[in-house]
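In: Okay, structure incoming, though there's no sequence with it:
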């Protein structure tokens, strides 16, 4: 028997005006990019400026919006205050063309697991901090990578210790190596140490913000299956260790009773899903849980994302037979919601003049 629960939504995120960082994460293939894209669209309705960043090596942000994005923030088509960028979690430097230098830095980063990702993420955060965005949404990679992002301060600490130990152990050989590869002063031991220390400072400053529930929240995305439930529990537990606030769960690909009546297979799957949905509500009874339907088509492009976004703020209900009193009431409710959102957007545009 299904539990009687109050339907949740992401309205609490839209209404929390102090939020600066919104992470969206979960197991691979559960719809993180769609959810983060829709969250950024909803936030753009109520905030001055929004930036969505993909840190997933397998970028899907360009596919979701059907627009090409790069590591430079780009205005999303059809918006005046929503920007997007895709960041690769590896060191990129157009000046590193010398094979010897590449090999040298490769050895250094291999000696310190994760330091290349740490430095890349720090560079990106430094860039973001110099820009004026009201809120930043992260479309993160699958759980393991996301947790590594949160471990970067300690990773860089280890990196500094490693470099210092090499410096102390080999003395002038470090400087001789840079000269051997024909490198300038910018790649001296002091320059590399300075760069690492600068990265560490940036990461630690931002990490303090990540631990502030007024500034940061993490939205867990999942589907109603065992592995996804397990991964979500692991993620919630790890976030608690890192002192990062999380109180929203989005459950994608849900089958609803009225839509499965004609199929025994769908009914059996719906029964299985309901078992895990009940477990989500029992485990996370103080979370805002948003259930979203399994759709017959992909959610791609601005129009489809906008249409889907209404289910993030108003609980989804299966389509009713057209012409019934209930169906007309549903349409009136939807139109009222759309009118409210349009009025909010109009107010924001007028304030910006």
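Out: On my side now, so go ahead. Every value quoted in this text rests on a predicted model; they were computed, and no experiment measured them.
In: got any ranges where the stretch 101-250 of the chain has weak pLDDT?
Out: Applying pLDDT under 70 to the stretch 101-250 of the chain flags residues 101-124, 126-127, 129, 142-200, 203.
In: ok, now with 50
Out: 101-105 (pLDDT under 50).
In: Okay, domains of this structure per the record?
Out: Each domain of the chain is listed here as a residue range: 11-317, 319-353, per automatic domain parsing.
In: what's the helix or strand harbouring residue 339 packed up against?
Out: Assigned by DSSP states H and E, residue 339 falls within helix 325-352. Using 3 or more C-beta pairs under 8 Å, 6 or more residues apart in numbering; DSSP states H and E, the elements in contact with helix 325-352 are helix 32-46, helix 302-313. Yep, even glycine has a C-beta here, placed from its N, CA and C like the rest.
In: pLDDT averaged over that helix - what is it?
Out: In this model, helix 325-352 carries a mean pLDDT of 73.
In: and the angle from it to helix 32-46?
Out: 60 degrees (axes from the mean of the first three to the mean of the last three C-alpha atoms, to 10 degrees).
In: how much does helix 325-352 deviate in direction from helix 302-313?
Out: Counting by the same axes, to 10 degrees, helix 325-352 lies at 110 degrees to helix 302-313.
In: Going by neighbour count, which residues in helix 325-352 are buried?
Out: 341, 348 (16 or more other C-beta atoms under 10 Å).
In: Same list, the helices and strands packed on helix 325-352, but as a markdown table with distance to residue 140, mean neighbour count and mean pLDDT please.
Out: Output for those, formatted as a markdown table (distance: least, C-beta to C-beta, whole Å; neighbours: other C-beta atoms under 10 Å; pLDDT from 0 to 100):
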| stretch | distance to residue 140 | mean neighbour count | mean pLDDT |
| --- | --- | --- | --- |
| helix 32-46 | 7 | 25 | 95 |
| helix 302-313 | 18 | 17 | 92 |
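In: Would you mind giving the ones you listed as TSV with distance to residue 238 added?
Out: Output for the helices and strands packed on helix 325-352, formatted as TSV (distance: least, C-beta to C-beta, whole Å):
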stretch	distance to residue 238
helix 32-46	16
helix 302-313	25
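In: Determine which of the ones you listed approaches residue 138 most closely.
Out: helix 32-46 (7.3 Å; C-beta to C-beta).
In: Note down every partner strand of the following helix or strand past that closest one and its orientation.
Out: Later in the chain than helix 32-46, the nearest helix or strand by DSSP H and E is strand 50-54. Taking DSSP bridges as the criterion, strand 50-54 forms sheet pairs with strand 82-86 (parallel), strand 135-139 (parallel).
In: so of these, which one's packed in deepest?
Out: strand 135-139 (a mean of 25; mean count of other C-beta atoms under 10 Å).
In: List the contacts of that one.
Out: 19-25, 32-33, 36-37, 39-40, 43, 47, 50-56, 60-61, 128 (C-beta atoms under 8 Å, 6 or more residues apart in numbering).
In: Same question for stretch 65-79.
Out: 37, 41, 44, 51, 54, 59, 61-62, 82-88, 92, 124, 131, 300-302, 305.
In: one more time with 10 Å, if that's ok
Out: With C-beta atoms under 10 Å, 6 or more residues apart in numbering as the test, stretch 65-79 has contacts from 33, 37, 40-41, 44, 49-54, 59, 61-62, 81-88, 92, 120, 123-124, 127-128, 131, 133, 300-306.
In: Buried by neighbour count: which residues of it qualify?
Out: For stretch 65-79, by 16+ other C-beta under 10 Å, it's 65, 67, 69, 73-74, 76, 79.
In: Looking at those, which is nearest residue 287?
Out: Closest to residue 287, out of all of these and judged by C-beta to C-beta, is residue 65, at 28.0 Å.
In: tell me the phi and psi of the closest one?
Out: Torsion angles at residue 65 (phi, psi; degrees, to the nearest 10) stand at phi -90, psi -10.
In: contacting residues for residue 251?
Out: So residue 251 contacts 8, 30-31, 220-224, 228-229, 232, 273, 276-277, 280-281, 289-292 (C-beta under 10 Å, 6+ apart).
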